[in-house]
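Asks: Compute the structure for the input listed below.
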Amino acid sequence: MNNRKPTSPIVAGTRSERPLTILGPTASGKSALALAVAAAVEGVELVSIDSMQVYRGMDLGTATPTPEDRAAVRHHLLDLVEPTEPFAVGEFQQRAFAAISDIRGRGGIPVLVGGTGLYLRAVVDELEIPDQYPAIREELEADDDTDALHERLRSLDPLAASRMEPNNRRRVVRALEVTMGSGRPFSSYGPGMEAYPPTSFVQVALRWPRDELYRRIALRYEQQMADGFLAEAAALRAIGPSRTARQALGYRELLRHLEGECSLDEAIADAVRRTCRFARRQQRWFRRDPRIRWIDAPADTAEVLAIWDDVRSIAAE
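Replies: Residues are numbered from 1 along each chain as shown. Just a heads-up that it's a prediction; the model follows:
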């Protein structure tokens with residue numbers, strides 16, 4: 001882990017020293033805004049903070065920037081691994097640190113853009129990421145009783161257990177995996193997601209009325225299907241994706257259709273519903289962070305640039 005203390009936003013002067021992050025729920029227009037910022041500020045390079053855009057061949061369903069966008073502005077952390085390969089937040093963190101360092105080393109300005117909250121916090125707050133213990137995880141995953149697993153965590157690491165909902169299976173299993181595998185309480189790896197220390201990153205998030213955001217999500221699925229999303233999902237199925245890749249929004253539903261479990265219309269309707277639920281969770285995650293500045297979408301690029309340059313107001317957040 002990089003243990004460098006983040007530069008205070010009060011003393012950091014240049015845009016490179018205070019990288020901009022453009023956040024928001026899925027389909028909120030983050031990528032379009034990032035491209036507009038890159039067009040307005042010379043030297044900007046974009047760093048994707050998206051846990052699914054790291055996979056090759058999953059471009060349509062993850063709304064990965066197009067070849068034209070990538071030709072216009074240099075992008076980082078896209079298409080890193082095959083969908084059959086595991087990819088953890090710790091690896092992403094190290095690649096993000098390397099990308100930001102590379103951009104700065106060439107005199108460029110990093111702008112982070114995405115909606116994966118944990119990946120963002122891993123970079124912005126330089127979180128200490130525990131190792132993985134696949135054998136222990138497999139054993140835990142075999143137990144379908146999430147409440148019992150949470151009780152087990154409570155006996156081993158009461159603080160970690162108190163920081164998560166008993167029915168949040170993914171977090172409970174991960175905390176147990178680390179506690180049992182490392183011999184060290186999961187909670188000892190840091191104060192958890194509830195702490196928001198000073199950071200040099202300037203964070204801006206896009207806000208839409210809920211109904212309009214849901215409409216945008218549905219329209220995006222229509223366009224993705226017209227562009228060949230079903231064929232992309234079929235190609236993914238043919239190579240045997242990892243569990244994580246298989247669970248990606250839209251892909252899981254289309255794979256169920258391809259495997260004869262539901263009609264195409266049912267798959268798309270399910271995908272829209274799940275994506276809207278996911279968007280709500282993203283908004284809740286970002287709203288807990290007092291360092292994030294919210295702006296109404298569609299965003300005005302000048303407003304974003306003014307926030308980026310407003311050191312005093314950022315420091316006061």
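Asks: tell me the centre residue of the protein?
Replies: Taking C-alpha atoms, centre = their mean, the centroid of the chain lies closest to Thr116, which sits 1.2 Å from it.
Asks: How about that one, nearest residue that isn't a chain neighbour?
Replies: Distances taken as C-beta to C-beta, 6 or more residues apart in numbering place Ser51 nearest to Thr116, at 4.3 Å, with adjacent residues excluded. Just so you know, the C-beta spots here come from the backbone N, C-alpha and C atoms, and that holds for glycine as well.
Asks: right, and that neighbour touches Glu91 too?
Replies: No - between Ser51 and Glu91 there is no contact under C-beta atoms under 8 Å: 11.2 Å.
Asks: Tell me which of those two has more neighbours.
Replies: Ser51 (20 against 15; other C-beta atoms under 10 Å).
Asks: can you pull the pLDDT of Thr275?
Replies: Looking at Thr275, its pLDDT is 98.
Asks: Touching, it and Pro25? I think so.
Replies: No - using C-beta under 8 Å as the test, Thr275 is too far from Pro25 to be in contact (9.3 Å).
Asks: Just the buried positions in stretch 58-67, please.
Replies: Buried residues in stretch 58-67, counted by 16 or more other C-beta atoms under 10 Å: Met58, Asp59, Leu60, Gly61, Thr62, Ala63, Thr64, Pro65.
Asks: wait, Leu35 sits on Arg74?
Replies: No - judged on C-beta under 8 Å, Leu35 makes no contact with Arg74 at a distance of 11.6 Å.
Asks: Common neighbours of those two, please.
Replies: Common contacts of Leu35 and Arg74 (C-beta atoms under 8 Å, 6 or more residues apart in numbering): Leu46.
Asks: Same drill for these two, tell me which one is more crowded.
Replies: Counted by other C-beta under 10 Å, Leu35 and Arg74 do not tie: Leu35 has more neighbours, with 20 against 15.
Asks: Could you pull up the residues touching that one?
Replies: Contact analysis of Leu35 by C-beta under 8 Å, 6+ apart lists Leu46, Asp69, Ala72, Val73.
Asks: and it, that's in a helix?
Replies: Yes - applying DSSP: H, G, I helix; E, B strand; the rest coil, one finds Leu35 inside a helix.
Asks: how close does it sit to Ala72?
Replies: 7 Å (C-beta to C-beta, to the nearest Å).
Asks: shaky segments in the stretch 1-150 of the chain?
Replies: Along the stretch 1-150 of the chain, the model assigns pLDDT under 70 to residues 1-13.
Asks: Swap in 80 and give it another go.
Replies: Filtered on pLDDT under 80, the stretch 1-150 of the chain yields the residue ranges 1-14.
Asks: correct me, but Met164 touches Val172?
Replies: Yes - using C-beta under 8 Å, Met164 is in contact with Val172, at 6.3 Å.
Asks: Which residues are in contact with each of the two?
Replies: His150.
Asks: Tell me which of those two has more neighbours.
Replies: More crowded of Met164 and Val172, by other C-beta under 10 Å: Val172, with 26 against 19.
Asks: That one belongs to a helix, doesn't it?
Replies: Yes - Val172 forms part of a helix when assessed by three-state DSSP.
Asks: Okay, the residue nearest to Thr116 and Pro110: tell me how far apart.
Replies: Counting by C-beta to C-beta, the gap between Ser51 and Pro110 amounts to 19 Å.
Asks: Over to Ala27?
Replies: Note on Ala27: its distance to Pro110, by C-beta to C-beta, is 24 Å.
Asks: Over to Arg274?
Replies: 31 Å.
Asks: and these two? which has more neighbours close in?
Replies: Remark: of Arg274 and Pro110, Pro110 carries more neighbours, 23 against 15, as counted by other C-beta under 10 Å.
Asks: In a helix, the more buried one, correct?
Replies: No - with three-state DSSP as the criterion, Pro110 is located in strand rather than a helix.
Asks: Surely it touches Ser101?
Replies: No - Pro110 is beyond contact range of Ser101, at 9.1 Å (criterion: C-beta under 8 Å).
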